[in-house]
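Peer 1: all I have is the shape, not the residue letters:
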């Protein structure tokens, strides 16, 4: 009898989970999503590509002419690149829905504005 009473009670209670993707919750503070480069701050030192444990960052060129390719499919979202950047040019965003069927669409290129 107690089981039936509990089952009826649970039928009318609020569910503990959300109906994702129809219902969404903002990522928690400190969440490490996709890193984004601010090329106005970047000096092209290459520290981000050197410290990346998965090799997800490719630096093309050096110095103020450097361009950056970020391979999201390789990234572990550890945040080492953002922590090592001496100019705070890298920001970890809250973006996390990054899956794609095409690997080409998972490459982000950052170039300097001329």
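Peer 2: Sure, I can see it. Being a predicted model, the structure only gives us computed values, none of them experimental.
Peer 1: right, and the helix or strand after the top helix by length along the chain?
Peer 2: Ordering each helix of the chain by length in residues (DSSP state H) puts helix 2-11 first. Where DSSP states H and E defines the elements, the next helix or strand beyond helix 2-11 is strand 35-37.
Peer 1: give the rounded mean pLDDT of the longest helix of the chain.
Peer 2: For helix 2-11, mean pLDDT is 92.
Peer 1: use 24 as the first number for this chain going forward.
Peer 2: Sure thing, new numbering starts at 24, so read that last one as helix 25-34.
Peer 1: buried set for that helix?
Peer 2: For helix 25-34, a neighbour-count test (16 or more other CB atoms under 10 Å) marks nothing as buried. Where you see a C-beta, it was placed from the backbone N, CA and C, and this is true even at glycine.
Peer 1: and the helix or strand encompassing residue 105, what does it pack against?
Peer 2: Using DSSP H and E, the element containing residue 105 is helix 103-107. Contacts defined by 3 or more CB pairs under 8 Å, 6 or more residues apart in numbering; DSSP states H and E place helix 103-107 against helix 70-74, strand 113-115.
Peer 1: and the contacts of that helix?
Peer 2: Residues outside helix 103-107 that contact it (CB atoms under 8 Å, 6 or more residues apart in numbering) are 58, 70-76, 80, 111, 113-115.
Peer 1: neighbour-wise, which of these leads?
Peer 2: Most neighbours among the contacts of helix 103-107, by other CB atoms under 10 Å: residue 58, with 26 neighbours.
Peer 1: residue 99 is in contact with that one, correct?
Peer 2: No: look at residue 58 against residue 99 with CB atoms under 8 Å: they stay out of range, at 10.8 Å.
Peer 1: give me every residue that touches residue 119.
Peer 2: 50, 54, 56-57.
Peer 1: and these, which are buried?
Peer 2: Those of the contacts of residue 119 that meet the buried threshold are 56-57, by 16+ other CB under 10 Å.
Peer 1: show me which of the contacts of residue 119 is closest to residue 85.
Peer 2: Residue 85 has its nearest neighbour among these in residue 57, at 24.4 Å by CB to CB.
Peer 1: list the contacts of that closest one.
Peer 2: If you count contacts by CB under 8 Å, 6+ apart, residue 57 has them with 93, 95, 98, 100, 115-116, 118-119, 121, 131.
Peer 1: good, wrapping up.
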